[in-house]
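In: requesting a structural model of the entry that follows:
(one chain, ligands or ions: 1)
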Amino acid sequence: MHVSFIVDDMNPRPRKLKVLRWLPNRWVLTRGARRGRVLHLTFDDGPHPEHTPVLLDLLATHRAKATFFLIGREAERYPEMVERIVREGHVLGNHTWSHPQFDRLDLAAQREEIDRTDRLLAGFDGLARHDFRPPRGVLPRPMVLDCVRRGQRIAYWSYDSLDYSKRPAEALIASAQRYPPASGEILLMHDDSALSLQLLEAMLPAWAAGGFAFEPLRPPA
Ligand SMILES: [Zn+2]
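Out: Residues are numbered from 1 along each chain as shown. Prediction:
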């Protein structure tokens with residue numbers, strides 16, 4: 001009944017960005033490459049035995065490289081998926097061990113969720129530290145300060161695909177067309193359902209035709 005409300009509701013730019021974008025990118029990453037036409041696809045909550053392989057097939061078709069923020073517990077369960085992600089040139093990110101409600105844990109427990117996942121991921125890509133993306137984007141201040149102190153970058157996003165919102169794929173595609181992502185933007189998606197696949201099947205060819213390349217998030221120089 002209120003069409004304008006529905007449109008606003010689909011706005012992909014997270015409200016928190018108004019604050020976060022003032023922080024140095026080496027602390028909280030909200031924006032990627034500043035040169036060229038580049039989009040940064042990121043996928044949270046995998047690996048998933050059913051959805052991740054088809055997504056990797058689609059990315060390969062378009063020569064798209066992405067960043068996968070893995071749940072440690074799931075990465076341990078499906079190591080062959082993680083090996084494939086690395087082998088095909090994508091980058092691993094840390095999305096905690098068990099995807100807990102982060103603000104209900106104390107700092108030591110939060111740190112253990114992150115460190116345990118880093119140790120597991122290191123076995124796949126040889127890197128001691130990975131960009132960290134907090135579950136549901138929850139950013140308790142002590143944890144942010146702890147990450148800054150340890151030099152662990154927090155990877156936020158600038159563009160939310162809303163693929164977890166239980167809206168049909170058509171609505172997500174319509175939103176992506178109405179609000180086109182700009183160069184350097186970090187797109188939040190999930191590979192624990194088929195929705196991001198449906199969204200990308202429609203949008204990857206369109207974005208590629210618009211001159212965009214798809215690159216993973218690189219560690220700070
Ligand atoms: Zn998540």
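In: residue 184: what's it in contact with?
Out: Counting by C-beta atoms under 8 Å, 6 or more residues apart in numbering, residue 184 touches 31-34, 38-40. Every residue, glycine included, has its C-beta placed from N, CA and C.
In: what about 6 Å?
Out: Neighbouring residues of residue 184 by C-beta atoms under 6 Å, 6 or more residues apart in numbering: 31-34.
In: which of those sits closest to residue 66?
Out: Of all those, residue 32 has the smallest distance to residue 66: 11.7 Å, by C-beta to C-beta.
In: for the closest one, which non-adjacent residue is closest in space?
Out: residue 40 (4.3 Å; C-beta to C-beta, 6 or more residues apart in numbering).
In: what helix or strand is that neighbour on?
Out: strand 38-44 (DSSP states H and E).
In: residues in contact with that strand?
Out: Contacts of strand 38-44 (C-beta under 6 Å, 6+ apart): 32, 66-69, 95, 181, 183, 186-187, 189-191, 212-215, 217.
In: re earlier: how many residues are close by the residue nearest to residue 32?
Out: Neighbourhood size, residue 40 [other C-beta atoms under 10 Å]: 27.
In: any idea how far the closest residue in space to residue 43 that isn't next to it in sequence lies from the ion?
Out: Excluding the flanking residues, the one nearest residue 43 by C-beta to C-beta, 6+ apart is residue 191, at 4.3 Å. Computed as C-beta to the ion, to the nearest Å, the residue 191 to the ion distance reads 11 Å.
In: correct me, but residue 191 touches residue 53?
Out: No. At 9.6 Å, residue 191 and residue 53 do not qualify as touching, with contact defined as C-beta atoms under 6 Å.
In: so for those two, which residue has more residues nearby?
Out: Ranked by neighbour count (other C-beta under 10 Å), residue 191 and residue 53 place residue 191 first, with 29 against 16.
In: got the contact list for the more buried one?
Out: So residue 191 contacts 43, 46, 48, 51-52, 55 (C-beta under 6 Å, 6+ apart).
In: for this protein, what lies in contact range of the ion?
Out: Within the chain, the positions near the ion by C-beta under 5 Å from the ion are 44-45, 135.
In: who wins on neighbours among these?
Out: For the residues of the chain next to the ion, the largest number of neighbours (other C-beta under 10 Å) sits with residue 44, at 25 neighbours.
In: for the ion, see how far away the most centrally placed residue in the chain is.
Out: Taking C-alpha atoms, centre = their mean as the criterion, residue 42 is the residue nearest the geometric centre of the chain, at 3.2 Å. When C-beta to the ion is the yardstick, residue 42 and the ion sit 11 Å from each other.
In: scan the protein for its longest helix.
Out: Criterion DSSP state H: the longest helix present in the chain is helix 107-125.
In: buried residues in that helix?
Out: Of the residues in helix 107-125, 110-111, 113-118, 120-121, 124 count as buried by neighbour count, 16 or more other C-beta atoms under 10 Å.
In: check stretch 161-179 too.
Out: 161-164, 169, 171-173, 175-176.
In: need the contact partners of that stretch.
Out: With C-beta under 6 Å, 6+ apart as the test, stretch 161-179 has contacts from 10, 12, 188-190, 195-196, 198-199, 202-203.
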